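[1] Kindly generate the corresponding structure for this input.
(one chain, ligands or ions: 1)
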Amino acid sequence: MTADPKTIGMLITWAQHSLDASGSMNAAQEALWLLAYALGMKHHELASRRDQAVSGEGLVRAESVVSRRMVREPLQYILGTQEFCGLDFHVTSAVLIPRPETELLVQEVLREGGFSEGAVLVDVGTGSGCVAVTLATILNGMRIFALDRSGDALAVAKENAERHGVSEKITWKEGDLLEPLRECNLSGTVDAIISNPPYIAEEVWGGLQPEVRDFEPRMALVAGQRGTEFHERLLRDAKEFLVSGGVLVMELGEGQALFVRQAAEQVGGYTGLQTVKDEAGIERVMIARRAD
Ligand SMILES: C[S@@+](CC[C@H](N)C(=O)[O-])C[C@H]1O[C@@H](n2cnc3c(N)ncnc32)[C@H](O)[C@@H]1O
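    Below is the predicted model:
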């Protein structure tokens with residue numbers, strides 16, 4: 001910054017210009033969110049305090065958050081929060097930022113539902129815990145397990161469970177895919193396996209926008225050469241753990257439905273295969289029921 005902005009109004013103008021120059025598509029709004037966070041105000045308060053002097057400390061914090069955004073760090077990591085299903089989730093660079101399309105996964109689990117008292121639900125690749133924690137705030141009397149290979153992600157997920165008062169409803173396990181269920185003796189006992197797995201193909205990853213490629217955990221995004229490797233593994237491995245009639249509910253990437261359906265048919269042992277489209281008309285969720 002060449003000359004220090006002396007007032008909040010000058011700071012807003014500087015932040016908007018800086019973000020605009022760095023390629024932000026929403027510089028005006030982002031400047032307000034970032035400055036409100038840096039100065040500890042509500043963003044609507046900024047406009048009414050344009051003439052207020054900025055403290056040296058406030059200026060340092062503002063410069064720090066704006067420069068992080070200028071190198072395309074996602075706003076959610078800077079602000080430390082993302083809303084999902086009406087709840088605020090703490091997010092750090094250890095976890096995928098929850099996406100709106102994943103709300104459909106939660107809705108479909110609840111719609112399929114009909115879970116009886118003591119039913120066992122498993123969220124595989126829990127990340128921020130957005131799926132497991134949301135389900136735990138809605139459902140009572142269930143045994144919910146949340147699994148992830150990343151210990152750092154599980155730490156964030158546990159914090160989110162505490163934030164929403166559902167810690168005692170969720171059991172956390174670190175490990176590869178469904179492996180942790182084995183040590184819990186859950187073979188043939190699970191009513192629903194729910195997953196938003198990594199589903200980006202290796203070759204697609206390099207072309208993703210910098211916010212995603214350079215900041216979100218690669219392990220949360222990339223599945224392998226096809227992009228459907230985790231779906232295929234889940235279809236194969238879930239059968240051991242699901243009760244007869246239990247459901248596997250998975251989020252899909254755009255264009256993956258046909259391939260995953262074929263994989264399910266090849267693996268066999270499932271009935272009632274169906275996909276659900278999201279608001280953009282993309283087949284986003286696949287539901288498969290363990291046959292008798
Ligand atoms: C697409 S993110 C989903 C996160 C969260 N459920 C959501 O919907 O926002 C996939 C998650 O799977 C986890 N993961 C990746 N490979 C895994 C594996 N082999 N076993 C278990 N979890 C894995 C990642 O750490 C990440 O948290």
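
[2] Domains in the chain, by residue range?
    Listed domain ranges for the chain are 8-71, 94-290 (source: automatic domain parsing).

[3] And the ones you listed: which comes nearest the ligand?
    domain 94-290 (2.5 Å; CB to the nearest ligand atom). Every C-beta, even on glycine, is put in place using the N, C-alpha and C of the backbone.

[4] so how far is that closest one from its chain's centroid?
    Mean-position distance between domain 94-290 and its chain equals 11 Å (CA atoms, centre = their mean, to the nearest Å).

[5] For Val60, pull up the helix or strand it's in.
    helix 56-70 (DSSP states H and E).

[6] Next secondary structure after that helix?
    Taking DSSP H and E, what comes next after helix 56-70 is helix 75-79.

[7] and the helix holding Val60, what does it pack onto?
    Helices and strands touching helix 56-70, by 3 or more CB pairs under 8 Å, 6 or more residues apart in numbering; DSSP states H and E, are helix 8-21, helix 27-39, helix 75-79.

[8] out of the domains of the chain, deepest packed?
    When these are scored by mean count of other CB atoms under 10 Å, the highest mean neighbour count falls to domain 94-290 (a mean of 19).

[9] In CSV, list the domains of the chain along with distance to Gln82 and mean pLDDT.
    Shown next, in CSV, are the domains of the chain (distance: least, CB to CB, whole Å; pLDDT from 0 to 100):
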stretch, distance to Gln82, mean pLDDT
domain 8-71, 12, 94
domain 94-290, 5, 97
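
[10] Those into JSON lines, with extra columns for distance to the ligand?
    JSON lines is the format used below for the domains of the chain (distance: least, CB to the nearest ligand atom, whole Å):
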{"stretch": "domain 8-71", "distance to the ligand": "21"}
{"stretch": "domain 94-290", "distance to the ligand": "3"}
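
[11] which residues touch Gly224?
    Ala201, Glu202 (CB atoms under 8 Å, 6 or more residues apart in numbering).

[12] ok, now with 10 Å
    Pro198, Tyr199, Ile200, Ala201, Glu202, Phe230, Glu232, Arg233 (CB atoms under 10 Å, 6 or more residues apart in numbering).

[13] One more: Leu177?
    124-125, 147-149, 195, 197, 230, 233-234, 236-238.

[14] from memory Leu208 sits against Glu202, does it?
    No: Leu208 lies out of contact with Glu202 (CB atoms under 10 Å); the separation is 11.6 Å.

[15] tell me, what's touching these two both at once?
    With CB under 10 Å, 6+ apart as the test, Leu208 and Glu202 both reach Val222.

[16] quick one: secondary structure of Ile144?
    With DSSP: H, G, I helix; E, B strand; the rest coil as the basis, Ile144 sits in strand.

[17] Test of understanding: give the bridge partners of it.
    Leu121, Ile170 (DSSP bridges).

[18] wouldn't it be in contact with Ala157 here?
    No: using CB under 10 Å, Ile144 is not in contact with Ala157, being 11.5 Å away.

[19] Return every residue with contacts to both of the two.
    With CB under 10 Å, 6+ apart as the test, Ile144 and Ala157 both reach Asp123, Thr126, Val131, Ala132, Val133, Ile170, Trp172.

[20] Farthest-apart pair in these, please.
    Val131 and Trp172 (13.2 Å; CB to CB).

[21] Now the common contact residues for these two.
    Counting by CB under 10 Å, 6+ apart, the residues touching both Val131 and Trp172 are Ile144, Ala146, Ala157.
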